[in-house]
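1. missing the sequence, but the structure's below:
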């Protein structure tokens, strides 16, 4: 019982530490999605030129941070005419370059990891684009498109197919501050939370259990701690494999990244671990349904290689600049709720979340929430009032 309570206390402390950051990140994402239409995004992602990929990364960074929703949205963009490489770049950015992930990394691990995230993410996209140019054959792409057009439903398909942006003319601020803008923001906000809550909770519980129950000696041996060169080589290779086996994706894997970092994985290994959220086993199964088994294996190989290269690049650059923090300073939040800036921010942002949730419930949000798990019969935009 003591061991269970210890694990739960670590889980609770981590959750309390990141609550305000999550609400802030999802609110910002909801604001953008409330005023930018999906059809506008598709029109901008018609090829795989560097400028287009940079734009797709920027649009992805402003959208959903749930891995399942990102994968479903990327398929929806691909079906509507977006270039496949651009859609995958959008997918990577929407889970690995979002504001809430950066803030949570800074809170739990340090600003260096946030900087590494925004450095390694573009590197991963560039590597993936190069691999696609060299290895992706037209025949495989045609097969994947044919499979995508069959409309096989997957996790979060309904959510991805909904375009909840505000209709009408006017400036960004005018549309956002209108009653429809408030309603659209509240709907996106709550549905984003519904999309990620399961993975976040699982990630926190897994991290709490591992932190409490797995001895540090195991991690030190597993990650070759004490052997600097071997550790730097091994970390980016093993990090994504740990992520694949952990089943935890998106923001949910940050608490586990804290445990791995404290346990001795290299700096580049942490980065590669975080970037592997789009090739965990459940998502590989979704790729198989969306694009076919061969494309699923192709995405596994290319995403893994891109995450590894990004991990090595970050390790070399940050190591050379002396920006890798000391692992001896790594700590896992365990103090619980105390009266400090975290508590003040949590109270303020929980009030914001309550206001958005109230608006959501008063404007028919529960009906749309039920649509999230299933694919609509068409891929047309859903008007929002």
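-> Okay, I see it. This is a predicted model, so every value here is computed, not measured.

2. Give the other helices and strands that the one helix or strand residue 116 maps to contacts.
-> Assigned by DSSP states H and E, residue 116 falls within helix 111-135. Here helix 111-135 touches helix 50-61, helix 84-96, helix 99-108, helix 267-275, helix 293-320, going by 3 or more CB pairs under 8 Å, 6 or more residues apart in numbering; DSSP states H and E. No exception for glycine: its C-beta is placed from N, CA and C like everyone else's.

3. Those helices: lowest mean pLDDT?
-> Per-stretch mean pLDDT for those is lowest at helix 99-108 (a mean of 88).

4. Which elements pack onto that helix?
-> helix 2-35, helix 111-135, helix 254-263.

5. quick one: it to helix 254-263, angle?
-> 40 degrees (axes from the mean of the first three to the mean of the last three CA atoms, to 10 degrees).

6. Deepest in the core, which of the helices and strands packed on helix 99-108 is it.
-> With neighbours defined as mean count of other CB atoms under 10 Å, the helices and strands packed on helix 99-108 peak in mean count at helix 254-263, which reaches a mean of 24.

7. what helices or strands is it leaning on?
-> When contacts are defined as 3+ CB pairs under 8 Å, 6+ apart, helix 254-263 packs onto helix 2-35, helix 99-108, helix 179-213, helix 216-222, helix 228-246, helix 267-275.

8. The first one versus helix 50-61: what angle between them?
-> Going back to what we said before, that points to helix 2-35. Using the same axes, to 10 degrees: helix 2-35 against helix 50-61 is 120 degrees.

9. After helix 2-35, which helix or strand is next?
-> Counting by DSSP H and E, the next helix or strand C-terminal to helix 2-35 is helix 38-44.

10. picking that back up, with residue 48 as the reference, name the closest of the helices and strands packed on helix 254-263.
-> Across the helices and strands packed on helix 254-263, residue 48 has its closest neighbour in helix 267-275 (19.9 Å, CB to CB).

11. Show me what the closest one is packed against.
-> Packing partners of helix 267-275 (3+ CB pairs under 8 Å, 6+ apart): helix 84-96, helix 111-135, helix 228-246, helix 254-263, helix 293-320.

12. Export those to CSV and append columns for distance to residue 337.
-> Output for the helices and strands packed on helix 267-275, formatted as CSV (distance: least, CB to CB, whole Å):
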stretch, distance to residue 337
helix 84-96, 29
helix 111-135, 24
helix 228-246, 27
helix 254-263, 17
helix 293-320, 33
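
13. Among those, which comes closest to residue 174?
-> helix 84-96 (26.2 Å).

14. and stretch 292-312, which residues are buried?
-> Using 16 or more other CB atoms under 10 Å as the test for burial, stretch 292-312 gives 292, 295-296, 298-300, 302-312.

15. quick one: low-confidence parts of the protein?
-> 64-65, 151-172, 247-250, 334-336, 371-385 (pLDDT under 70).

16. What about the residue lying closest to residue 231 once chain neighbours are set aside, how many residues nearby?
-> Nearest residue to residue 231 in three dimensions, chain neighbours excluded: residue 224, at 4.5 Å (CB to CB, 6 or more residues apart in numbering). Counted with other CB atoms under 10 Å, the neighbours of residue 224 add up to 19.

17. residue contacts, residue 224?
-> For residue 224, the contacting residues are 230-231, 234, 264, by CB atoms under 8 Å, 6 or more residues apart in numbering.

18. I'd like those residues written out as TSV, with neighbour count and distance to residue 344 added.
-> Converted to TSV, the contacts of residue 224 look like this (neighbours: other CB atoms under 10 Å; distance: CB to CB, whole Å):
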residue	neighbour count	distance to residue 344
230	13	44
231	21	39
234	18	41
264	22	35
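
19. could you dump these to JSON lines with distance to residue 240?
-> Below are the contacts of residue 224 laid out as JSON lines (distance: CB to CB, whole Å):
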{"residue": "230", "distance to residue 240": "18"}
{"residue": "231", "distance to residue 240": "16"}
{"residue": "234", "distance to residue 240": "12"}
{"residue": "264", "distance to residue 240": "17"}
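
20. rewinding a little: right, so the helices and strands packed on helix 111-135: which one is the most enclosed?
-> Highest mean neighbour count among the helices and strands packed on helix 111-135 (mean count of other CB under 10 Å): helix 267-275, a mean of 30.

21. Just the angle for it relative to helix 99-108, thanks.
-> Computed with the same axes, to 10 degrees, the direction of helix 267-275 lies at 140 degrees from that of helix 99-108.

22. what's the offset of helix 267-275 from the middle of its chain?
-> On the basis of CA atoms, centre = their mean, to the nearest Å, helix 267-275 sits 14 Å off its chain's mean C-alpha point.

23. for the following helix or strand past that helix, packing partners?
-> Remark: after helix 267-275, the chain's next helix or strand is helix 281-291, criterion DSSP H and E. Applying 3+ CB pairs under 8 Å, 6+ apart, one finds that helix 281-291 contacts helix 67-79, helix 138-149, helix 228-246, helix 293-320.

24. okay, these in CSV with distance to residue 39 next?
-> Formatted as CSV, the helices and strands packed on helix 281-291 follow (distance: least, CB to CB, whole Å):
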stretch, distance to residue 39
helix 67-79, 10
helix 138-149, 18
helix 228-246, 33
helix 293-320, 25
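
25. chain center to stretch 28-39: distance?
-> Counting by CA atoms, centre = their mean, stretch 28-39 is centred 17 Å from the centre of its parent chain.

26. rewinding a little: name the helix or strand for the residue nearest to residue 231, please.
-> Short version, using DSSP H and E: residue 224 is in no helix or strand.
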